[in-house]
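S.K.: would you be able to build a 3D model of this:
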Amino acid sequence: MTTPVQNTLAIVCGGGPAPGINSVISSVTIEAKKSGWEVFGIYDGFSNLAKGEKKIIPLTIDMVSRIHSDGGSILKTSRFNPTKSDESLRRVVDTLIELGVTHLVTIGGDDTAYAASRIAGYAKNSLGLTISFAHVPKTIDNDLPLPEGIPTFGFETARSLGAQLVSNLMEDAKTTGRWFLVVAMGRVAGHLALGIGKSAGATITIIPEEFPSNGKIPLSLVVDIITGSIIKRLASGRNYGVAVTAEGLIEKIRIEDLEAADCLEYDDHGHIRYAEINFSDVLKKELLANLNSLGIKMTVNNKEVGYEVRCAPPNAFDIEYTRNLGYAAFDFLRSGGTNALITIQNNMIVPISFDDILDPVTKKTRIRTVNTESIQYRIAREYMIRLEKRDFQGGIDFEKLAVAAKLPPDEFRRRFQYVTEY
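M.R.: Modelled structure (predicted):
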């Protein structure tokens, strides 16, 4: 009689932290152990596997039964990209095989999803071996290509905590008569910035998606949009406010403008290191110069929001959501599934094939950006205080804006009307 093959499942966490990682680890482990599977936690993402190092921990139900409400990751995490070389891919696969891994759950964002798909393909095409994979979508950026309205886990907690922080800044701004510039995490998409700004009732939120997708924009445009918001508030008798922007907005700015702001650093290959730019410092400097040119005296403070929310304990939504996703990931693998991103749609487990989340041009995971035609975005815009086309139609309100800007009406129109095109 042949001995049945022992199913061994490994869990890998990639990318940056997000609230709910431990809850996924917990639910996957509990379901796998209940089914008689072995479960290994892999430390530090793919980085150790790519070196052939077996830095693992056998996971048990007792170890994970109460970690679902904890922030961070008991397995830590890493941004190491094993797809950079065939050697790294081979070592990852070889190390997993040496560990006896038959199934793998990856927890991460777009880079981790892409790495998982490449590892699956390498194992099958180069070695003729099958390791079944399931990917659980995690990122506070909310930019993985899930169906409209379905968040990546961690986003709701990050938005909630970020909104609380910005609400506090709004109260500080009101109390002290100043403005705050807040830059929220979001490498490409503006989901988190918009979610925080809308939930906190920020004065204005600016995201990259509201500008043309092709080409760059001048830094002065972003500064003038914020200046216009300040002017509009002053015209209504309010000398305070909070402007929220997405960090991804910096990649929309013209290179020559960033060079003029003296904020650029380059890597060894001559590529701009956007991550090293403190965008809120750049905005503050340029905004104060713009206000000073108008003779408007304003105290402006800047704040980056991101690291404060990444390892926060998950809220009730993300705890339930991640428990569901972890269960769904294991159920998918147990049922013979492989190579898919796990989603829950209409209260049903819906796997999305890795092939269906790849961009046909870049061959990397597609990025979900904010749909500026959606009702969510349209309502967000309605509640922002920013210059609109109707503000330039003349009349007493237009005159008040010009007075607040300390400019003759015609000059105010010439200087600021263009921002209403965005």
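S.K.: and the nearest residue to Val300 once chain neighbours are set aside, how many neighbours does it have?
M.R.: Distances taken as C-beta to C-beta, 6 or more residues apart in numbering place Trp179 nearest to Val300, at 5.0 Å, with adjacent residues excluded. Just so you know, the C-beta spots here come from the backbone N, C-alpha and C atoms, and that holds for glycine as well. Other residues lying near Trp179 total 24 when counted by other C-beta atoms under 10 Å.
S.K.: so Trp179 makes contact with Arg238?
M.R.: No - the pair Trp179 / Arg238 is not scored as a contact, 10.4 Å apart, by C-beta atoms under 8 Å.
S.K.: show me the beta-bridge partners of Gln345.
M.R.: Met348 (DSSP bridges).
S.K.: distance of it from Ile352?
M.R.: 9 Å (C-beta to C-beta, to the nearest Å).
S.K.: next one: Thr102
M.R.: 22 Å.
S.K.: now the helix ranked longest in the chain: mean pLDDT?
M.R.: Longest helix of the chain, by residue count under DSSP state H: helix 155-176. Average pLDDT, helix 155-176: 97.
S.K.: just stretch 103-121 next, same as before
M.R.: 86.
S.K.: picking up where we left off before, partners of the next helix or strand after the longest helix of the chain in the sheet?
M.R.: Sequence-wise, the next helix or strand downstream of helix 155-176 (DSSP states H and E) is strand 179-184. Using DSSP bridges, the strands paired with strand 179-184 are strand 241-246 (parallel), strand 300-305 (parallel).
S.K.: circling back: more crowded one of Gln345 and Ile352?
M.R.: Ile352 (19 against 12).
S.K.: grab the nearest non-local neighbour of the more buried one.
M.R.: Ile352's closest residue in space is Leu341 (C-beta to C-beta, 6+ apart), at 4.6 Å.
S.K.: per-residue pLDDT, the one you found?
M.R.: pLDDT at Leu341 comes out at 92.
S.K.: and it, how far from Phe80?
M.R.: Distance, Leu341 to Phe80, using C-beta to C-beta: 20 Å.
S.K.: these two: which has the busier surroundings?
M.R.: For Leu341 versus Phe80, the count of surrounding residues by other C-beta under 10 Å is larger for Leu341: 25 against 19.
S.K.: quick one, what contacts the more buried one?
M.R.: Contacts for Leu341 (C-beta atoms under 8 Å, 6 or more residues apart in numbering) come out as 113, 135-137, 144, 146, 351-354, 357.
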